[in-house]
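Participant: Next input, structure requested:
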Amino acid sequence: MINSIRKNIIKFAWIFLSMLPVRNKITLANLSTGKLDGNLKYIYEELLRQDTGHEVKLFLHKSQDDFNGKIVYLMRMIQAAYHIATSSFFIVDDYLYPLYVVKPKDETTVVQVWHACGAFKKFGYSVVDKSFGVGKSFLEKVKIHSNYDCVLVSSKEVAKHYADGFHMDINKIISIGIPRTDIFFDEEKKEQIIKKLRNKYDIFGDKKLLLYASTFRGNSRFDAKGGCNLDMEDLKKQLGDDHVLILKLHPFVSQGFQMDDKYSDFAIDLSKDEDINELMILSDILITDYSSVVFEFALMEKPMVFYAYDLESYMDERDFYYNYEDFIPGPIARDQDELAKIIKNDVWDMDKIRQFKDKFFDYKDSGSTKRFIDKIIKGRD
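Facilitator: Alright, predicted model coming up:
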């Protein structure tokens, strides 16, 4: 019922909004986190640098699940429909409901740059009727991930999975590089980041830095769970002499986490304070589970370990595009003792990481954002 009302309100507003002329405007939209980050940030900054002659508009909103939040969100969706109606380019990096219930004009190019590299966890139509995905009854009313003119991916290898996840023509899925990965190929910038963070936090010293970046569990951001599933006391005993643990929890779960001060000489929670790309540049080893950060981290050819303590239940909830154990470029730990043992052993298969990088990135350079502007916005070959 709520979905039908929301859909009808947007479609009614579209009757009038679609009469407005398309302007020489590029809108970059996110109605999930409300932040300018990831691909949108890099594209926005490059647009300002190049001055392509377009008006550039940011449209950002963080949705809330209470009554007032839903009313505000409905208003934001109508505003989004306005920008769809009046933009020559409409660029999104996640799910955006209004886009799926209106038909953009022919003069508008809609680009989905997505918020994850590669293809790891299933999404969109690939998870229909799983606990994480939408139901078939919803899809009868709203064709999610429709109306994209093109989708940006990291390699031709994953194009088939995006075609499946978005139910779209594979020829509209393009591999020209991922804008937010440019930073991993800028050695001067990376050195500046490492120096900045080491000067900012006095915990690091000369110890190895472990970055714990896990994904969330649950149906959506509003029921997300699975923040920090580590026994800090035990991990500090096993690794504390030689390592520092940096926490970068998923945004959906980081707000509800509070680390005990008694671990402050071993671990630091930077989930709300620092950019994930910068923390990956700083860190020596990645501890993750099913997060797509594995792709970016592989670009730097640094070791990673996969703490998959709930692999079977996560597969039931969401599943993967590849067989998990064959896919990941590092050892699996099914419990914390195994995790600590792998880290202390400090033996890694670097060839596997390099092969993984080559498979999932067609472009490994600092020119992805510029290519995006040249090929998508300026229409150059």
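Participant: quick one: the nearest residue in space to residue 376 that is not next to it in sequence from residue 57, how far?
Facilitator: Take residue 376 and drop its neighbours on the chain: the residue closest to it by CB to CB, 6 or more residues apart in numbering is residue 111, 6.1 Å away. (C-beta placed from N, C-alpha, C; glycine too.) Residue 111 sits 14 Å away from residue 57, going by CB to CB, to the nearest Å.
Participant: Looking at those two, which has the bigger crowd around it?
Facilitator: Taking other CB atoms under 10 Å, residue 111 and residue 57 do not tie; residue 111 has more neighbours (22 against 16).
Participant: Which helix or strand contains the more buried one?
Facilitator: When elements are assigned from DSSP states H and E, residue 111 belongs to strand 109-112.
Participant: C-terminal to that strand, which secondary structure element comes first?
Facilitator: helix 136-139.
Participant: Just the mean pLDDT for that following helix, thanks.
Facilitator: In this model, helix 136-139 carries a mean pLDDT of 84.
Participant: Residue 144 is in contact with residue 100, isn't it?
Facilitator: Yes. At 5.4 Å, residue 144 counts as touching residue 100 under the criterion of CB atoms under 8 Å.
Participant: still on that earlier bit, what residues does the strand holding residue 111 touch?
Facilitator: By CB atoms under 8 Å, 6 or more residues apart in numbering, the residues outside strand 109-112 that reach it are 84, 88-93, 99, 104, 145, 147-152, 166, 376.
Participant: Show me the strands in the stretch 201-350 of the chain, by range?
Facilitator: 208-212, 243-247, 267-269, 285-288, 304-307, 332-333 (DSSP state E, counting those that start in this stretch).
Participant: Check this structure and tell me which residue is nearest its centre.
Facilitator: Centroid-nearest residue in the chain, with CA atoms, centre = their mean: residue 115, separated by 3.3 Å.
Participant: Give the burial count for the nearest residue to that residue once chain neighbours are set aside, as a bare number.
Facilitator: Of all residues not flanking residue 115 in the chain, residue 93 sits nearest, at 4.8 Å (CB to CB, 6+ apart). Residue 93 has 25 neighbours, counted by other CB under 10 Å.
Participant: ok, now the one 3 residues further on?
Facilitator: Around residue 96 there are 22 other residues, counting by other CB under 10 Å.
Participant: What separation do you get for it and residue 313?
Facilitator: 29 Å.
Participant: Dump the strands of the stretch 201-350 of the chain to a markdown table, plus mean pLDDT, distance to residue 158 and mean neighbour count.
Facilitator: Listed next are the strands of the stretch 201-350 of the chain as a markdown table, based on pLDDT from 0 to 100; distance: least, CB to CB, whole Å; neighbours: other CB atoms under 10 Å:
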| stretch | mean pLDDT | distance to residue 158 | mean neighbour count |
| --- | --- | --- | --- |
| strand 208-212 | 95 | 24 | 21 |
| strand 243-247 | 93 | 28 | 23 |
| strand 267-269 | 89 | 32 | 20 |
| strand 285-288 | 96 | 18 | 23 |
| strand 304-307 | 96 | 19 | 22 |
| strand 332-333 | 95 | 22 | 18 |
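Participant: circling back to that earlier point, mind listing the strands the strand holding residue 111 pairs with, and their directions?
Facilitator: Looking at strand 109-112 with DSSP bridges, its partner strands are strand 89-92 (parallel), strand 150-153 (parallel).
Participant: what about the stretch 101-250 of the chain, any weak spots by pLDDT?
Facilitator: In the predicted model of the stretch 101-250 of the chain, residues 131-133, 216-228, 250 satisfy pLDDT under 70.
Participant: Report the buried residues of stretch 66-83.
Facilitator: 73, 74, 76, 77, 79, 80, 81, 82, 83 (16 or more other CB atoms under 10 Å).
Participant: okay but the residue nearest to residue 115 is in contact with residue 148, surely?
Facilitator: No. Assessed by CB under 8 Å, residue 93 is found out of contact with residue 148, at 11.9 Å.
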